[in-house]
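Chemist: here's my sequence, what's the structure:
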Amino acid sequence: MDTTREPSSTQQAPVYVENTDPKTHQQHGDMSHIPGWGADLERDKRPGVPMERTPPRLRDVHWDAPEHQHVRMQVLHSIERPGLTPIVGTTVPPSGLSGRLREIAFRYSESDMRHWMLLLMADRVNVGEGLLEDLGRGHIPNILAEMGARAEWRHNRAGFIRKALVASSVVALAVYLMRRNDR
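Modeler: Below you'll find the predicted structure:
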């Protein structure tokens, strides 16, 4: 792009004009110094063709398909898939109310918004379940530290103050309403 400026007595913003000369665009020359240049060339003219393999081949494997993992717990999967993949994650099986919400979510297609909204809600419920589990074990969580209050104060002070004011107002309103009902 070329930058041109009209001479005038008043200050104006510069006018940007794109260089559209077709001869300039056709004179490429050697562009091999540009990273990724030539990726859209014909396959036999690409620089990495002798090394490329699609899909990559594994040598000396003793199987055509990996053996299926033995699953001893519930594994949720999309209804778009006919079955489980050979290897699945089993570190955190669905449990509690959040697990039930996840089961309901996986009844819907991944293209359905209900699937994703239920999974988001299940994540939030899981946070609450984790807090209750910590309290049940006698561990009082440091919620401010876990939510990044120190970083928020350091890097977004106005947002931190706004959030603190809103939270304080909500708590004060709740206390007021509970005391008013006691009278």
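
Chemist: can you map out the strands along this structure?
Modeler: 2-4, 15-17 (DSSP state E).

Chemist: pLDDT weak spots in this protein?
Modeler: 1-32, 36, 38-39, 43, 46-57, 183 (pLDDT under 70).

Chemist: kindly list the longest helix within it.
Modeler: helix 157-182 (DSSP state H).

Chemist: that helix - contacts with which helices or strands?
Modeler: Packing partners of helix 157-182 (3 or more Cβ pairs under 8 Å, 6 or more residues apart in numbering; DSSP states H and E): helix 149-155. Backbone N, C-alpha and C define where each C-beta goes, glycine included.

Chemist: what's the helix it packs on packed up against?
Modeler: Helix 149-155 packs on helix 157-182, going by 3+ Cβ pairs under 8 Å, 6+ apart.

Chemist: buried set for the longest helix of the chain?
Modeler: Going by neighbour count (16 or more other Cβ atoms under 10 Å), the buried part of helix 157-182 is Phe160.

Chemist: cool, and stretch 70-80?
Modeler: In stretch 70-80, counting by 16+ other Cβ under 10 Å, buried: nothing.

Chemist: what does it contact?
Modeler: Contact with stretch 70-80 is made by 83-85, 88-90, 93-94, 102-103, 106-110, as judged by Cβ atoms under 8 Å, 6 or more residues apart in numbering.

Chemist: in this protein, which residue is closest to the centre?
Modeler: Leu120 (12.3 Å; Cα atoms, centre = their mean).

Chemist: what's that one in contact with, if anything?
Modeler: No contacts exist for Leu120 under Cβ under 8 Å, 6+ apart.
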